[in-house]
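# heads up, no residue letters with this:
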């Protein structure tokens, strides 16, 4: 059970890592340094918020008083058919520089993506390199995987040493949660005989979403504060996992219910079959949007409340704003747990629909 | 103009969500009042239904954000 769980966690993290960087290319940061309000520009709340929510090739820590940005410049890994693999620091892309034939597109449809630049300096729209960069989201994701692996491997190690006895240490915190996932989510939905096969997946998904939600709420120090579950590519991969697990464990009963629902008159079937097929796809789609929108909306609300201080440009707003932010953060804490629970519960529900036996 | 319409759309979505979750909360309260022993089950069901409704409202918010 222990090796299975850690294997699943590890493969999960690698799969998500590669997929996210392939698909999550929307919303990359433009230039490295940003001239903030000091140079006379009005404070634009929506760009500020979007910068903090979106993925980025660098981790912006703070801006020094002379306008220079202090940031951790993450590696850019590109693969293009002509030039092959290219690995370099994203610092070269600062100020919209062209480096090695690549640059970050500033405006238009491809804004924020890395494009190839031909010798005159025009972006070549047809040849967009494959972007495997380690971006902010991926650093956050890998860090949360490290936290998860550390927690659960030490948990299983302590069980191995002391056997199943009264819980101590980290066990006393994690064991009730794991039992909760097993009893209230897995057994009550999938049934006592079949739930064990799906427990690793349900546990992984629950703790993955939980750890990433909680990490997104902590703004500082750097590995925290990355908006992982608020990236639609990440939630899409999670929903795809649920989708594939559901479809591949569908038994004969499930497919019969989908294509020839018992009790439906024959003339109604041409309507019911497309509806059922759409249902198969819309359920994971809803899972994806629900998690993404909940987490992103929470981040946007907290960021907007903090931006209030800068919009009004007065220190007097600060106590009110900070109080609101604290309240919203408590709500976000609740949402973090709730979304992990709801995602796992609905995954278990869909799996139970796929494996349930006939009952007359 | 699109920005204003997006904001109006988001507001309308919140009205729908508010009504829906309010009704669920109300029925949950009635049920708990009738049978206090079943409180935890009712609470769980209420939270699940609220999360699903919020999911629908957030669909609308996402569309408004895109616009």
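Perfect, I can see it now. Quick caveat: nothing in here was measured; it's all calculated off a predicted structure. Numbering: from 1, shown residues only, chains lettered A, B, ... in the order given.
# Every contact and neighbour count from this point should use C-alpha atoms.
Will do.
# quick one: is the longest helix along chain A near chain B?
Using DSSP state H to define each element, chain A has its longest helix at helix A:269-312. Yes - residues of helix A:269-312 are located near chain B by Cα under 8 Å from any Cα of the partner chain, namely A:286, A:289, A:290, A:291, A:293, A:294.
# which among the residues you listed gets closest to residue A:349?
The nearest member of these to residue A:349, counting by Cα to Cα, is residue A:286 at 13.7 Å.
# any idea which helix is longest in chain B?
What stands out as the longest helix in chain B, according to DSSP H, is helix B:2-34.
# Run through the neighbouring helices and strands of that helix.
Helix B:2-34 sits against helix B:39-66, with contacts defined as 3 or more Cα pairs under 8 Å, 6 or more residues apart in numbering or on different chains; DSSP states H and E.
# tell me the mean pLDDT over the helix it packs on?
Helix B:39-66 carries an average pLDDT of 83.
# again with stretch A:88-102
Mean predicted confidence for stretch A:88-102 is 74.
# Surely residue A:352 is in contact with residue A:187?
No - at 9.7 Å, residue A:352 does not count as touching residue A:187 under the criterion of Cα atoms under 8 Å.
# Compute the first-to-last residue distance for stretch A:191-204.
From its first residue to its last, stretch A:191-204 covers 19 Å (Cα to Cα, to the nearest Å).
# What of stretch A:217-229?
Taking Cα to Cα, stretch A:217-229 runs 11 Å from one end to the other.
# Between residue A:352 and residue A:187, which has more neighbouring residues?
For residue A:352 and residue A:187, the more surrounded residue by other Cα atoms under 10 Å in any protein chain shown is residue A:352, and the numbers stand at 23 against 19.
# Can you report phi and psi for the more buried one?
Geometry field for residue A:352 lists phi and psi as phi -70, psi -40, criterion degrees, to the nearest 10.
# do residue A:262 as well
In terms of degrees, to the nearest 10, the main-chain angles of residue A:262 are phi -60, psi 140.
# tell me, how many neighbours does it end up with?
That count, for residue A:262 with other Cα under 10 Å as the rule, works out to 9.
# what packs against the helix or strand where residue A:319 lies?
Assigned by DSSP states H and E, residue A:319 belongs to helix A:317-355. The contact analysis (3+ Cα pairs under 8 Å, 6+ apart) places helix A:317-355 against helix A:188-190, helix A:199-217, helix A:232-248, helix A:252-259, helix A:269-312, helix B:39-66.
# Could you rerun that using 6 Å?
helix A:188-190, helix A:199-217, helix A:269-312 (3 or more Cα pairs under 6 Å, 6 or more residues apart in numbering or on different chains; DSSP states H and E).
# Show me the one of these that comes nearest residue B:55.
Residue B:55 sits nearest to helix A:269-312 of all the helices and strands packed on helix A:317-355, at 4.7 Å, using Cα to Cα.
# Please state the offset of the closest one from the chain centre?
13 Å (Cα atoms, centre = their mean, to the nearest Å).
# and if you look at stretch B:16-25?
Stretch B:16-25 sits 5 Å away from the centroid of its parent chain (Cα atoms, centre = their mean).
# returning to what we had before: angle of the longest helix of chain B against helix B:39-66?
Between helix B:2-34 and helix B:39-66, the angle comes out at 180 degrees (axes from the mean of the first three to the mean of the last three Cα atoms, to 10 degrees).
# Show me what the mean pLDDT comes to for helix B:2-34.
So the average pLDDT for helix B:2-34 ends up being 90.
# buried sites along that helix?
For helix B:2-34, a neighbour-count test (16 or more other Cα atoms under 10 Å in any protein chain shown) marks B:6-7, B:9-11, B:13-14, B:17-18, B:20-21, B:24-25, B:28-29, B:32 as buried.
# coming back round to it: of the residues of helix A:269-312 next to chain B, which is the most crowded?
Compared across those, residue A:291 has the highest neighbour count, 31 neighbours, by other Cα under 10 Å.
# Please tell me the pLDDT value assigned to the nearest residue to that residue once chain neighbours are set aside.
Leaving aside its chain neighbours, residue A:291 sits nearest to residue A:339 (6.3 Å; criterion: Cα to Cα, 6 or more residues apart in numbering or on different chains). If you check residue A:339, the pLDDT there is 90.
# gap between residue A:339 and residue A:241?
Distance from residue A:339 to residue A:241, by Cα to Cα: 17 Å.
# Residue B:32 too?
Going from residue B:32 to residue A:241 by Cα to Cα gives 37 Å.
# I'd like to know how many residues surround the one residue in the stretch 101-250 of chain A that gets nearest to chain B.
Closest contact between the stretch 101-250 of chain A and chain B, by Cα to the nearest Cα, is at residue A:184 (10.2 Å). Using other Cα under 10 Å, residue A:184 has 12 neighbouring residues.
# That one belongs to a helix, doesn't it?
Yes - under DSSP: H, G, I helix; E, B strand; the rest coil, residue A:184 falls within a helix.
# State the distance from the residue minimising distance to the centre of chain A to residue A:345.
Centroid check for chain A by Cα atoms, centre = their mean gives residue A:229 as the closest residue, at 2.7 Å. Note on residue A:229: its distance to residue A:345, by Cα to Cα, is 17 Å.
# Ok, residue A:275 next?
Relative to residue A:345, and taking Cα to Cα, residue A:275 is found at 23 Å.
# If you count surrounding residues, which of these two has more?
Neighbours were tallied for residue A:275 and for residue A:345 using other Cα under 10 Å; the higher tally belongs to residue A:345 (20 against 13).
# So for that one, what's the nearest residue that isn't a sequence neighbour?
Excluding its sequence neighbours, the residue lying closest to residue A:345 (Cα to Cα, 6+ apart) is residue A:185, at 5.6 Å.
# pLDDT at that neighbour, what is it?
88.
# what about it, how many residues close to it?
By other Cα under 10 Å, the residues close to residue A:185 number 23.
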